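K.L.:
Show me the folded form of this:
(chains A, B, C and D)
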Amino acid sequence: MLGNPRRREPRCSAASRVRIALWATLLLAFAALLGGCTTNNPLSTLNPKGPAAHHIYDLLVTWLFWPAVVVFFAVEGLLLYAIFRFRGRPGDPLPAQLHGNTRLEVTWTLVPALILTVILAVTFRTQAVLATPPTGEFITVRVIGHQWWWEFQYPDLGVTTANEMHIPVGVPIQVELSSADVIHSYWVPYLAGKMDAIPGRINKMSLQADEAGVYSGQCSEFCGVQHAMMRMLLVAQPQGEFDAWVRNERSIPSFTAGVTPGATPGATAGVTPAAGAASESLVTRGAQVFANGACVTCHAIRGTAAQARVGPELTHVGSRRSIAANTLTNTPENMRRWLRNPQAVKPGNLMPNLNLSDQDVDALVAYLQSLK
Amino acid sequence: MAVVTRGHGEPLAQSPTGLESLDVRKLGMWAFLGSECVFFGALIASYFVYRPLILAGDPKPHEVLGINFTALLAFILLISSLTMVLALNAIQHDRRRAGAYWLLATAVLGTTFLGGQAYEFTKLAQEGVTLSSGIFGQCFLVLTGFHGTHVFLGVIWLLACFARAMRGGFNSGNYIGAEIAGLYWHFVDIVWVAIFTLIYLIP
Amino acid sequence: MAAQVAVPVPQQEASPLELRREWYGWQWLATVDHKKIGIMYIAASLAFFLIGGFEALLVRTQLISPLNTFLHPDLYNQVFTMHATTMIFLGVMPMSVGVGNYVVPLMIGAADMAYPRLNAFSFWLFFFGGIFLNLSFVMGGAPNTGWFAYAPLTERPFNPGTGPDFWLLGLQLLGIASIAGAVNFIVTILKMRAPGMTFMRLPLFTWVTLITSFLIIFAFPSITIALILLMFDRLAGTSFFLPSGGGDPLLWQHLFWFFGHPEVYIMILPAMGIVSEVLPVFSRKPIFGYSFIAYSSVAIGFLGFTVWAHHMFVTGLGEIANGAFATGSFLIGVPTGVKIFNWIGTLWGGSLRFRTPLLFACGFIANFIIGGISGITLASPPVDFQQTDTYYVVAHIHYVLFGGSIFGLFAGLYYWWPKMFGRFLNEGLGKAHFWLQMVGFNLTFFPMHWLGTEGMPRRIYTYFPNQGFELWNLVATLGSYLLGISILIFVVNAFLSARRPAEVVPDNPWEAATLEWSTTSPPPAHNFDAVPVVYSRYPLWEDRDPEGAHGATAPRTNVDAVSHPADDVAATGEGEQGAHQGGAAHAFHLPNPTIFPVILAFGLVLIAFALLFAPPVLKITFLVSGLVYGVVSVYGWVRQVSD
Amino acid sequence: MERPHPAQPVPHGASGVPGTHAAPSPEAGHPGAGRYVLVFIVLFIITAAEVAVTYFPEIPQLPALMTMAVLKFGLIAAFYMHLRFDSRVFSAFLMLGLFLAVGMLLSFLALFTAHYREPYEPVVEQTQPGTGTPAVGTSAVSGATGGTTGGVATPMAGR
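P.N.:
Residues are numbered from 1 along each chain as shown, chains lettered A, B, ... in the order given. A predicted model of the protein is given here:
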């Protein structure tokens, strides 16, 4: 009598399919939960190591996740119950023609409104905590986004570096964000939420590391072709190590200061470890390639004539853990790969393929690796 | 002719909203004008976002914009609004020829306004205010330029109405075409009221 | 109202116009019939939807494994930008408009839209605009800046190609089409309702179409301005959004999201309306809490304008502004929740018939609950600091726009298909489509919640191994293939239904309550043989519930048509004078088919090309020809109107 | 929730289309030419007053000018655009649009005032650290030994 009898489906098969789908969804959710808990992902927001990230995590888990789980199961449960309970059969009489129930309406308007008010209040509290600027002693770090790398300036410490930010553990950091070109977003999920780096503006956020460690960061505002590889590292280290790092960063690297570099650079450069002198001459040649080639048009190395600010500062590049905005770990092999053709590693990035000869590349690698 | 819809003589007791009696074209024009409000609102808002920079920049708007000249332009638009309602009034009273000439007068006044604006733009260009000369030039020229574009389209519309009026296309039973052109024209006028105050007069 | 057979188009003496009209394509190219335009809207948006879906599969294939080199990064950026742009502006929105175009005039008992020619113009401008946007792929590269096109990445210095120009000009065309269409809907719904159809008797789909149209006319001007300013930046040397010239990139974001957030409701509200139509029909009881659903839609429409900056929490607006916009965003959750509860209330106590439309409607609710909940987490600024621009947001928007809008629109397609084409879609294939889509959808997008919380940023063309992203990206990609297959099943289903011999579909196969089911399937050109008079919210159900029907002045049976001699209808039809129907008090004059809307739309596209091309010869050629087309068509159009 | 009929009978122009419906007398809704001229005189005077006000800085400019602008706006809308005599639906369209436009203007003003932006100086140039010589500032926390302060005092410092 209702609908089209030819197309009526057998009741049980549809029901069982619903059940299968339901179980599959639940299993999937459970597996996802497990997956989320067991891995230790370098960009995870669920593993806070700093107060800002902690506050957000607490807000998320306590005040949003668990209520959401309850609401999810309650409402989806209601829906599924209605779907299973009220399945019609052929020949069923017309159900009661109900139009509504004002008391119910008021209830399901007010109850969600109340829940949301509570969450909103807690949100405001967390917001206030996060917005409090650091008091007492803190370090200011100016972060400048570039396509597609990060520049870090420590105005009070006289340090400028790239792609690897160092901070002392337990000390509040005031991050001042800006950009040299397009909008980027600075994000170290273990320590704090993200904040946009907007050209022409300065945005401020504070973060702090409670544990020493090397944390991953990434640009999280779409900024062009190599947005995916605009990564960075944040090294949180004890005060003593940090001070040592600052001292080293402020120094002029040994080679350019005229001090003979040790034999190690040559060895790490993967050049046949013939003699210290051989690698030394390789380093010298690298310095010449750098100074006479295209490198100086973009990069700066303090203590030399190279003072351009287009690309990352390279004064202590040999001491960094990664190169190319944390795209490659900093090994001589990787650096060779990078210098041979940067476009093959990060297609579309702003460092052109300089078509360097293999000897030049080896020399440059030896030189850059010596800049500790 | 436009779509004729029902609603006339219907038992209104069953359609108590009264919307059935409205003219479709007028309703559509008003919906469009509501949209235009936001259009100019967004333009003016953009101007005001840059206003601190504009006032700090060089040249300063009040140094290059002649208030008296612009007041004259505002008067011209005001008069054109008057001639527009008079045109409609004449048409509604079946004074067709008068209606046509009032329409023509409105179009002429609109053209005068455009001429004045062209003069103002050239004068500004001579003083170095162009689209690419800086934040003031671009904000001012785009805002007033889009208003001018609206005036320009309005003038064309009015001329079309004039042509139709001369052919006897409007009369006391058929004047909606002129009325919606008038609505558009008055809207362009009130936008100028806002621009005149917000951009030219407010210090 | 028992006409089972469409009124045949009467043959008149063969004029040249008549001969031309015999060409099949002409019937579509020059049509001003809202039903044909609606079908063209649906067909075109489905085609664009398939293109956008293909782009989505390319994106998912690139992300199937870490450091994959399937797509060049720049091509990847083009593809994901065009995926979003296509789905939003060429897929979901026009599909809602198409369904609305077909159904709304029928629902309110009208013969056509208020401005049939403008309706045709809206469609053709949308259609050409969509083609224009997609031409960018073969004309120097598609836009590659994301559908939000944040300045200054879209500015000349950072993007010298023509991609952003295609994007901004194409969107400008689509915006004009949308505003024209929305004005049309507003006037149609306010003005052309059948006698007796008060606002509180308006079908809910018509309600949301009205609200959506208001959102369009008030939200689109904002992006129009943003696009104009960007166009001046790119083509005329200004620097509205270029910091080096004093511009502020944040202005772009404000203007964009002032449009962009209402746009989300423009996409979801029609689907909500469809679900509100489908649920009562297949539950065999009236919608629960009609007025609450209607008012909550109005509330969502209003609140939609107060929350735009929640897309900008991390731009450093400050905690006060963030808090204010968070409050609005939380607030909007309340009317949304009210809707969900009312839908469940409609199912509750019903006698559910699980035909494909109801399956999709239930799928909509189930998915939308998840999308709503994840929306609440994103509305909280501190949580947003972590989750924005990650895959968590990707999951959220797809739960709303795919799990919501697309499921709802498919419910509508299966529901109204027999009305539109006089044929059913195959029920078995429909169910297979639903289940595959449901499973594929959740397999694709549910893992993205985890990817997001585990820190996978959006819009990255690749990711590294050992970041914990491999497994769920693989699952998501496999899920997306399932989704692709499910959509193919729909395409096959539609194709098969067209191939099958015509069946006689009764006027009201689903036993629905609204006016479109009182006329034949498919309806005649003039829709109704006589103007229906409406006495309640459920004109075709009044025998079910004589007392309970809201607002009924007196119990009547079904639609009370204002009676006219039947031969009056048969004598006119869609002739040279246009279909003329009813007595003197109810003159419907359907305008004749006309080609001018097509020409005007084409002229506008030519002008867009003129702005795009740098070489003066091309520029002037296109500008002049565009203007000629425009002037000629406007002149012809005006002549037609005033004749 | 049926709204009462706004004005019955509808003031004017129920149909502008000939042949279907006898149009009501135009005077039924629209004022006559005399009223239009009167309104124009008022508009004229207000505009003159607006210009005059700018010559008297002692008058609070913003409230005075805004009041007069709103007055002009209202007069044109009410009389020339016939909103005073037409259906309230038309007024509703205009008011909705105006409400959103003004709301947008005010919220943009508030947002951009609160979210203040320094006059732009390209960040690359201003971030030159001390060239060559190691620039040493007094560290807030670390025990870095002092030295000569290099050129690190940029406009960004200390904010």
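
K.L.:
what's the weakest-modelled helix or strand in chain D?
P.N.:
Within chain D, no helix or strand scores below helix D:123-126, which has a mean of 46 by mean pLDDT, DSSP states H and E.

K.L.:
ok, how many other residues are close to A:T297?
P.N.:
Residues near A:T297, counting by other Cβ atoms under 10 Å in any protein chain shown, number 10. Backbone N, C-alpha and C define where each C-beta goes, glycine included.

K.L.:
now the one 3 residues further on
P.N.:
Other residues within reach of A:A300, judged by other Cβ under 10 Å, total 22.

K.L.:
Got the domain ranges for chain D?
P.N.:
When chain D is parsed with automatic domain parsing, its domains come out as D:27-86, D:87-120.

K.L.:
Which one, of those, ends up nearest to chain C?
P.N.:
Nearest to chain C among the domains of chain D is domain D:87-120 (4.7 Å), distances taken as Cβ to the nearest Cβ.

K.L.:
how about the closest one, does it reach chain B?
P.N.:
Yes - Domain D:87-120 lies within reach of chain B by Cβ under 8 Å from any Cβ of the partner chain, at D:87, D:89-90, D:93-94, D:96-98, D:100-102, D:104-105, D:108-109, D:112, D:119.

K.L.:
now these: which count as buried?
P.N.:
When the residues of domain D:87-120 next to chain B are checked for burial by 16 or more other Cβ atoms under 10 Å in any protein chain shown, the buried set is D:87, D:89-90, D:93-94, D:96-98, D:100-101, D:104-105, D:108, D:112.

K.L.:
Just give me the closest of the residues you listed to chain A.
P.N.:
Closest to chain A out of those is D:F112 (11.0 Å), distances taken as Cβ to the nearest Cβ.

K.L.:
Who are the contact partners of the closest one?
P.N.:
For D:F112, the contacting residues are B:49, C:248, C:250-251, by Cβ atoms under 8 Å, 6 or more residues apart in numbering or on different chains.

K.L.:
ChimeraX command for the buried members of those residues?
P.N.:
This is how ChimeraX selects the buried members of the contacts of D:F112, with burial counted by 16+ other Cβ under 10 Å:
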select /B:49 /C:248,250,251
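
K.L.:
okay, the contacts of D:F112 in JSON lines with distance to C:H311 and secondary structure next?
P.N.:
Output for the contacts of D:F112, formatted as JSON lines (distance: Cβ to Cβ, whole Å; DSSP: H, G, I helix; E, B strand; the rest coil):
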{"residue": "B:V49", "distance to C:H311": "18", "secondary structure": "helix"}
{"residue": "C:D248", "distance to C:H311": "17", "secondary structure": "coil"}
{"residue": "C:L250", "distance to C:H311": "12", "secondary structure": "helix"}
{"residue": "C:L251", "distance to C:H311": "14", "secondary structure": "helix"}
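
K.L.:
For chain B, just list every one of the helices.
P.N.:
B:24-49, B:51-56, B:61-64, B:67-92, B:96-126, B:135-166, B:176-195 (DSSP state H).

K.L.:
Can the least confident helix or strand in chain B by mean pLDDT be said to contact chain C?
P.N.:
Ranked by mean pLDDT, DSSP H and E, the weakest helix or strand in chain B is helix B:61-64, scoring a mean of 77. No - Helix B:61-64 stays clear of chain C (Cβ under 8 Å from any Cβ), getting no nearer than 14.5 Å.

K.L.:
Next, the buried residues of that helix.
P.N.:
By 16+ other Cβ under 10 Å, the buried positions in helix B:61-64 come out as B:61, B:64.

K.L.:
quick one: is that helix near chain D?
P.N.:
No - shown here: helix B:61-64 not in contact with chain D (Cβ under 8 Å from any Cβ), separated by at least 9.2 Å.

K.L.:
Give me the residues contacting that helix.
P.N.:
Outside helix B:61-64, the residues within contact range by Cβ under 8 Å, 6+ apart are B:54-55, B:124, B:127, B:129, B:136, B:140, B:199-200, B:203.

K.L.:
For C:G440, which three-state class applies?
P.N.:
helix (DSSP: H, G, I helix; E, B strand; the rest coil).

K.L.:
Identify the residue nearest it in space, chain neighbours excluded?
P.N.:
Nearest residue to C:G440 in three dimensions, chain neighbours excluded: C:L482, at 3.1 Å (Cβ to Cβ, 6 or more residues apart in numbering or on different chains).
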